[in-house]
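Q: need a 3D model of the following:
(chains A and B)
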Amino acid sequence: MEFRPTIGLETHVQLATATKLFCGCANRFGDAPNTLVCPVCTGQPGVLPVLNRQALELGIRAALALDAELAPFTKFDRKHYFYPDLPKGFQISQFDLPFAHGGGIRLDDGTFVRLRRIHLEEDAGKGIHDRGDSTLVDLNRAGVPLLEIVTEPDVHSSEQAYDYLTKLKERLRFAGISECDMEKGSLRCDVNVSIHPVGQDGFGTRCEIKNLNSFAMVRRALEYEIARQTQLLESGGRVVQETRTWRDAEGRTETMRSKEEAQDYRYFPEPDLPPLTIDAQLIAAIRTQLPESADTRRARYQAMGLNSEELQTLTLDRASGDWFESLAKACGEAKAAAVWTCGEVNRLRNERNCSFSDLPITPAQVASVIALAKSGRASVSAARQVFNALVASPSKTADSLLNELGLEQVSDTGAIEAAVAEVLAANEKAVAEYRAGKEKAAGSLMGQVMKKMGGRANPAIVQEALKRLLAGG
Amino acid sequence: MTDLTPPAMDPAVVARLARLDLTDDEKARLRREFDGLLRYFAQIQSVDTTGVEPMVYPVPLQNVLRDDLVRPSTPREEILRNAPGAGGGEFFRVPKVLES
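A: This is a model prediction of the structure:
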């Protein structure tokens, strides 16, 4: 019997706000434990949460970036459960009136993955379980604004799940909603998967998988889990509804907790937070601030004549494209700007292991290097050397470095012709060969002229002079 | 005539959800109190609300927002002062829980 998997993805994204969702503590990763806390986010009695405007606006922006529909009226609810990283004994979340629903993402294979809902909620703190006999709790993360994005059951393979996550991340990063850095936990993903016989209606019993720390892990865990469930059903067993954890080192999932007993979160409306109305005016205002999507950018760059490799590098993140565009503006030539951004600039970025926005050289500086090459004063390789020198001495100019390094290209036709004549005179054999039809011989002659001129001769002029003198005799 | 019998509410279930350990006497008392409370709700529920928009918030307020500006957090010593077992350290300390 053939089975078809059905996969649901639940993604949590930390919003790139300055402060937490309901208090003024900084929303920042990596600070000393319990230094970004206050009475509100540690759940002290008598405190009052107040919603962060920017979190709401980023949420709306995310909904727009995902083509979702915004609810005109929305509210927060309390979701009750007990865990030491949740100081209040409940999480402020959204239950029956999420602020957005619908929308979705088109995958490479044409499948449209619909979104069931998008809601806002607060993050929990972080428990540390591997130090001594106690669990240690850091509440810096407690109260950080989270977006929960839930798909409809439209994903049917691990590949599609991977593609969905990649595209979701790109949309959210380009819209400036979140860094979506899984290593820092600003994007987290749980998946559920079930299989059922092809051609039959309904869904099989599903398992939820947690502890997925990268998209590659999501893919591996799904592959394993689909195989596990298939084997179970084929051997006459049944799938038990449960939460499983992914053990990446061992390459398998294992039971974490059984879901036999349905959780009762005792949701009720959060009495400390008045509801929200999202009107068309606010939506329109946020829509005008929505940055260009990666897809739109790719289409625009393609129309500029960039190749697919360049498109890929320049849409890795928003900063790469922004950098390219500043350079294109400064040097007035998109193609050259793309070649340099994807070449020398990107190589430097890789070397420094930094983002395009943190490079030690500016687009204006690179434009001045490109200008040297364009005017013929520097060869391509000389321009690269000037670029590197400029990175090392950013206070100098490309012009002065060209002189300093003695790299200025010789375009003086007279000097070049003299050198060519000398080389031809010294290489009668090669000249004779060329004239006998062996055009290859020109190559070695060209090399000798370049060598004679210390590699600084303008190759186009050398070539032209060589041809002319060889032809003219 | 509308049925005013409240739905059953088991104190044992509620206690487990709230992580409370109750004696049988306490459970019996709570059962009586819950029944009384639920009768009030059943009475409210019997009112015909056809055409009345559901109210999610009792105060006529909405869109109460604050600007995204960082305010100083509370010093750690102060926040941890009331936490048993923190012992002047950097963390809240609780009995070991299984990694989940």
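Q: how much space between A:Asp31 and chain B?
A: 9 Å (C-beta to the nearest C-beta, to the nearest Å). For glycine as for every other residue, the C-beta is placed from the backbone atoms N, C-alpha and C.
Q: skipping adjacent residues, who's closest to the closest residue to chain A within chain B in space?
A: Of all residues in chain B, B:Arg71 sits closest to chain A, at 3.0 Å by C-beta to the nearest C-beta. Take B:Arg71 and drop its neighbours on the chain: the residue closest to it by C-beta to C-beta, 6 or more residues apart in numbering or on different chains is A:Gly24, 3.0 Å away.
Q: and that neighbour, what does it touch?
A: With contacts defined as C-beta atoms under 8 Å, 6 or more residues apart in numbering or on different chains, A:Gly24 is in contact with A:38, B:66, B:69-72.
Q: show me the one in those residues that has more neighbours than the rest.
A: Counting neighbours by other C-beta atoms under 10 Å in any protein chain shown, A:Cys38 comes out on top of these with 20 neighbours.
Q: and that one, that one's in a helix?
A: No - under the criterion used here (DSSP: H, G, I helix; E, B strand; the rest coil), A:Cys38 is coil, not part of a helix.
Q: separation between it and chain B?
A: A:Cys38 sits at a distance of 5 Å from chain B (criterion: C-beta to the nearest C-beta).
Q: so who does that residue touch?
A: A:Cys38 neighbours (C-beta under 8 Å, 6+ apart): A:23-25, B:71, B:73-74, B:79.
Q: before we move on, back to that, does the residue of chain B closest to chain A count as helix, strand or coil?
A: B:Arg71 - assigned by three-state DSSP - is coil.
Q: contacts only, for it.
A: Counting by C-beta under 8 Å, 6+ apart, B:Arg71 makes contact with A:19, A:23-25, A:38.
Q: and it, what's its pLDDT?
A: pLDDT for B:Arg71: 97.
Q: where does the prediction get shaky in chain A?
A: A:259-262, A:473 (pLDDT under 70).
Q: domain assignment for it?
A: Domain segmentation of chain A under automatic domain parsing yields A:3-281, A:292-404, A:413-470.
Q: what does chain B put close to chain A?
A: B:17, B:19, B:56-57, B:59, B:61-74, B:76, B:79-80, B:85, B:89-100 (C-beta under 8 Å from any C-beta of the partner chain).
Q: 6 Å instead?
A: Selection of chain B residues close to chain A by C-beta under 6 Å from any C-beta of the partner chain yields B:17, B:19, B:56-57, B:61-68, B:70-71, B:73-74, B:76, B:79, B:90-94, B:96-97, B:99.
Q: now, the residues you listed that are in helices?
A: With helices defined by DSSP state H, the entries of the residues of chain B next to chain A inside them are B:17, B:76, B:79.
Q: quick one on the thing from earlier: can you tell me how far the residue of chain B closest to chain A sits from A:Glu122?
A: 17 Å (C-beta to C-beta, to the nearest Å).
Q: do A:Ser293 as well
A: Per C-beta to C-beta, A:Ser293 is found 28 Å from A:Glu122.
Q: so A:Asn192, which state does it fall into?
A: Going by three-state DSSP: A:Asn192 is strand.
Q: quick one: pLDDT of the residue nearest the centre of chain B?
A: Residue closest to the average C-alpha location in chain B (C-alpha atoms, centre = their mean): B:Ala18, at 8.3 Å. Per-residue confidence (pLDDT) for B:Ala18: 85.
Q: adding neighbour count and distance to A:Leu115, write the ones in helices among the residues of chain B next to chain A out as CSV.
A: Listed next are these as CSV, based on neighbours: other C-beta atoms under 10 Å in any protein chain shown; distance: C-beta to C-beta, whole Å:
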residue, neighbour count, distance to A:Leu115
B:Leu17, 15, 31
B:Arg76, 18, 39
B:Ile79, 21, 38
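Q: where in chain B is pLDDT low?
A: Within chain B, the segments meeting pLDDT under 70 span B:1-7, B:98-100.
Q: state which helix of it is the longest.
A: helix B:24-45.
Q: in chain B, which strand is the longest?
A: strand B:92-95 (DSSP state E).
Q: note down every partner strand of it and its orientation.
A: According to DSSP bridges, strand B:92-95 forms sheet pairs with strand A:134-138 (antiparallel).
Q: quick check: residues of the stretch 201-350 of chain A near chain B?
A: Close to chain B, as judged by C-beta under 6 Å from any C-beta, the stretch 201-350 of chain A has residues A:264, A:269, A:274-277.
Q: state the pair within those residues that is farthest apart.
A: A:Asp264 and A:Thr277 (30.4 Å; C-beta to C-beta).
Q: relative to A:Glu183, which of the residues of the stretch 201-350 of chain A next to chain B is nearest.
A: Checking those one by one against A:Glu183 (C-beta to C-beta), the nearest turns out to be A:Leu276, at 32.7 Å.
Q: thought that closest one was touching A:Thr74?
A: Yes - shown here, A:Leu276 and A:Thr74 form a contact pair, counting by C-beta atoms under 6 Å, at 5.1 Å.
Q: the more surrounded of A:Ser293 and A:Glu122?
A: A:Glu122 (25 against 15).
Q: okay, which residue is most central for chain A?
A: By C-alpha atoms, centre = their mean, the most central residue of chain A is A:Asp317, 4.8 Å off.
Q: what about whichever residue of the stretch 301-450 of chain A sits closest to chain B, neighbour count?
A: Taking C-beta to the nearest C-beta, chain B has its nearest neighbour within the stretch 301-450 of chain A at A:Arg318, 20.2 Å off. Other residues near A:Arg318 number 20, with proximity taken as other C-beta under 10 Å.
Q: now do the phi/psi pair for it.
A: When quoted as degrees, to the nearest 10, the phi and psi of A:Arg318 stand at phi -70, psi -40.
Q: residue of chain A closest to chain B, please.
A: A:Gly24 (3.0 Å).
Q: now that residue: how far from A:Val37?
A: Distance, A:Gly24 to A:Val37, using C-beta to C-beta: 11 Å.
Q: could you do A:Thr253 as well?
A: A:Thr253 is 35 Å from A:Val37, by C-beta to C-beta.
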